[in-house]
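> turn this into a structure:
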Amino acid sequence: MSQALAGGLLALGGACVLAADPPRPGALADRRRARGALRLPRLLEAWLEQTRSRLELAGGGKTPRRFLVDKLIAAAALPAIPLLPLAALSGRPPSLLLAAPLALAGFLVPDLSLRRALVRRRERILLDLPEALSMLSLALAAGRSLHQALALAARETGGPLGADLAAALSLARAERSLEERSALVRVARASGEPNFTRFAELLAAKESPYLAFLRNQAAQARAEQSRAIEQAADRAYLAMHAPLAPLLTTLVLLVSYGFLHLLDRSI
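All right, here's what the predicted structure looks like:
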């Protein structure tokens, strides 16, 4: 009973305080605007950080500022290419209904190009992974340590996988508390290649000796590599024959029309 009475008194006191000094609508609006102003820089910082990491993975040394400039140039160029000659011929300014979708498409073109570059990078990692794992197992069989085997694989593999292995070793040297296998997990997750990430996570959970484990992982990576090559060949075959489909459809329609016309005249 006393607790209920105390709760009622506290609620009554809060109501009195609010009645005496109610929150001003302007103050609430100012707070909302301040929160929105803080949220926008955070979103911008998150976009810049994500774009910076993706550009670093793709290579080429492009900065987020340069990437944004490319997006703006593409957004202005893509509508200008078809619409400016059309406006010159018609003598009227181009319609906004046509310019806006083209500008949006142009703004997204660099993102599509960046995504394609990252996909090619992941494909190169998958293609190089079996050889790198075989090199690791051979180095361990020759009596090298895991650090020496990783350094040898980073030096001899080359490409994005070799760069990632070297980055993991550099990260482990820079952060003394970070083990090489944990650094490899971090770099593999950033690369976005699932087979490389799975290998790094299994290696981090595995205890020495690593030789049989690496041989098994190399065999699995070769199987994934063969599957990826077969899928790429199927996609290339479809892409090569895709332009023939409209031509064959047109030819079938013309032949059918001619046959029906001939049949109609003969009857």
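
> helices or strands up against the longest helix anywhere in the chain?
The longest helix of the chain (DSSP state H) is helix 96-141. Helix 96-141 sits against helix 25-58, helix 64-90, helix 146-157, helix 159-174, helix 180-191, helix 194-205, helix 211-241, with contacts defined as 3 or more C-beta pairs under 8 Å, 6 or more residues apart in numbering; DSSP states H and E. C-betas here are computed from N, CA, C, even on glycine.

> and the spatially closest residue to residue 93 that is not a sequence neighbour, how many neighbours?
Excluding its sequence neighbours, the residue lying closest to residue 93 (C-beta to C-beta, 6 or more residues apart in numbering) is residue 87, at 5.8 Å. If you count neighbours by other C-beta atoms under 10 Å, residue 87 ends up with 15.

> which pLDDT value belongs to residue 87?
pLDDT, residue 87: 79.

> residue 111 now?
In this model, residue 111 carries a pLDDT of 92.

> got the contact list for it?
residue 71 (C-beta atoms under 8 Å, 6 or more residues apart in numbering).

> helices and strands of this structure: which one has the lowest mean pLDDT?
helix 2-20 (a mean of 42; mean pLDDT, DSSP states H and E).

> was I right about the residue nearest to residue 93 contacting residue 94?
Yes - here residue 87 reaches residue 94: they are 5.0 Å apart, a contact under C-beta atoms under 8 Å.

> excluding sequence neighbours, find me the nearest residue to residue 156.
residue 135 (6.1 Å).

> what's the local residue count around the one you found?
As a measure of burial, residue 135 has 20 neighbours, counting by other C-beta under 10 Å.

> from residue 77, how far out is it?
In this view, residue 135 and residue 77 are 46 Å apart by C-beta to C-beta, to the nearest Å.

> what does stretch 160-174 contact?
57, 59, 121, 124-125, 128-129, 132, 147, 150-151, 153-157, 178-180, 182-184, 186-188, 191, 196.

> roughly how far is stretch 139-149 from the heart of the chain?
The chain centre lies 34 Å from the centre of stretch 139-149; the measure is C-alpha atoms, centre = their mean, to the nearest Å.

> ok, and what's touching it?
Contacts of stretch 139-149 (C-beta under 8 Å, 6+ apart): 135, 136, 152, 153, 169, 180, 181, 208, 209, 210, 211, 214.
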